[in-house]
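K.L.:
any chance you can model this:
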Amino acid sequence: MIRFENLSKSFWVRGSQKVVVDNLNITLPAGKSLALLGRNGAGKSTLMSMIAGSLSPDRGRIVHGGSVSWPVAFGGSFHGEMTGVQNVRFLARIYGADTDALADFVEDFAEIGKHFYMPVRTYSAGMKSRLAFGASMGIHFDTYLVDEVTSVGDASFKRKSRAVFADRMERSGAILVSHAMPDVRAFCDAAIVLENGHIEYFEDLEEGIAYHQRLMKNS
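P.N.:
Take a look at the predicted model:
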């Protein structure tokens, strides 16, 4: 369960205020895999960052009913001077996971070879994403935050990413941001649509997709 209580967030853009989230009051059910839909610039990544706790709201709060991951495939929180394995072991200690088991899982999954033992500052964006995805999938969370994760890597890696994500969804929920409707339909069972700072929740995934597509067509 994730509950938004009087949640608001805005930014100043070129001298004018852009409202991203406008006094949200809604409870998202536990155990659901939710598609977070909305046009480009609607504020999906901002909302995900607030849920993760890496961005503070202007007003209100977010209440979590369980553990929540960082946004999967986002490698911005890694320490650049530490190696990949050092970052993974550090995450394991923070989240109470077995350090050796997580390091072994990520090394095998990320497929970045010797770079796993090199400083993260030497990584490409794709390598950071692979490392972040592997680390998050190797730790149990009640809710995974996923931002276009299956777009990372070649066809083989995408297939592996989808398979491990589907396995995690057997026991956990998720909030998934994706512009690829096949991925949304494959992994999600309900939808939330962010538009003009407000959220509409759809228990029926297809209704949510249709609503989102109408908004896109009319924009």
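
K.L.:
okay, the nearest residue to residue 64 once chain neighbours are set aside: pLDDT?
P.N.:
Excluding the flanking residues, the one nearest residue 64 by C-beta to C-beta, 6 or more residues apart in numbering is residue 2, at 5.9 Å. C-beta coordinates here come from the backbone N, C-alpha and C atoms, glycine included. Here, the pLDDT recorded for residue 2 equals 94.

K.L.:
what of residue 132?
P.N.:
In this model, residue 132 is scored at 87, pLDDT.

K.L.:
which SSE is it in?
P.N.:
helix 125-137 (DSSP states H and E).

K.L.:
where in this protein is pLDDT low?
P.N.:
Low-confidence segments of the chain (pLDDT under 70): 73-77, 148-153, 219.

K.L.:
show the subsequent helix or strand relative to the helix holding residue 132.
P.N.:
Downstream of helix 125-137, the first helix or strand assigned by DSSP H and E is strand 143-147.

K.L.:
neighbouring contacts of that following strand?
P.N.:
Strand 143-147 has contacts (C-beta atoms under 8 Å, 6 or more residues apart in numbering) with 2, 30, 44-45, 48, 51-52, 64, 66-74, 136, 165, 168, 172-178.

K.L.:
quick one: buried ones out of those residues?
P.N.:
Taking 16 or more other C-beta atoms under 10 Å as the criterion, what is buried in the contacts of strand 143-147 is 2, 44-45, 48, 51-52, 68-74, 136, 165, 168, 172-178.

K.L.:
my guess is residue 97 meets residue 141, correct?
P.N.:
No: counting by C-beta atoms under 8 Å, residue 97 does not reach residue 141; the two are 10.6 Å apart.

K.L.:
outline the domain layout of the chain.
P.N.:
The chain is divided into the following domains under automatic domain parsing: 1-67+143-219, 76-139.

K.L.:
now the strands: where do they sit in the chain?
P.N.:
In the chain, the segments counted as strands under DSSP state E are 2-13, 16-28, 33-37, 59-64, 68-72, 143-147, 173-177, 190-195, 198-202.

K.L.:
could you measure from residue 65 over to residue 43?
P.N.:
Counting by C-beta to C-beta, to the nearest Å, the gap between residue 65 and residue 43 amounts to 23 Å.

K.L.:
and the two? Which one has more around it.
P.N.:
Set residue 65 next to residue 43 and count neighbours by other C-beta atoms under 10 Å: residue 43 wins out with 24 against 14.

K.L.:
now that one: how far from residue 9?
P.N.:
Taken as C-beta to C-beta, the span from residue 43 to residue 9 is 7 Å.

K.L.:
joint contacts of those two?
P.N.:
Jointly contacting residue 43 and residue 9 under the rule C-beta under 8 Å, 6+ apart are 20-21.

K.L.:
distance between stretch 98-111 and the chain's centre?
P.N.:
Between the centre of stretch 98-111 and the centre of its chain there are 20 Å (C-alpha atoms, centre = their mean, to the nearest Å).
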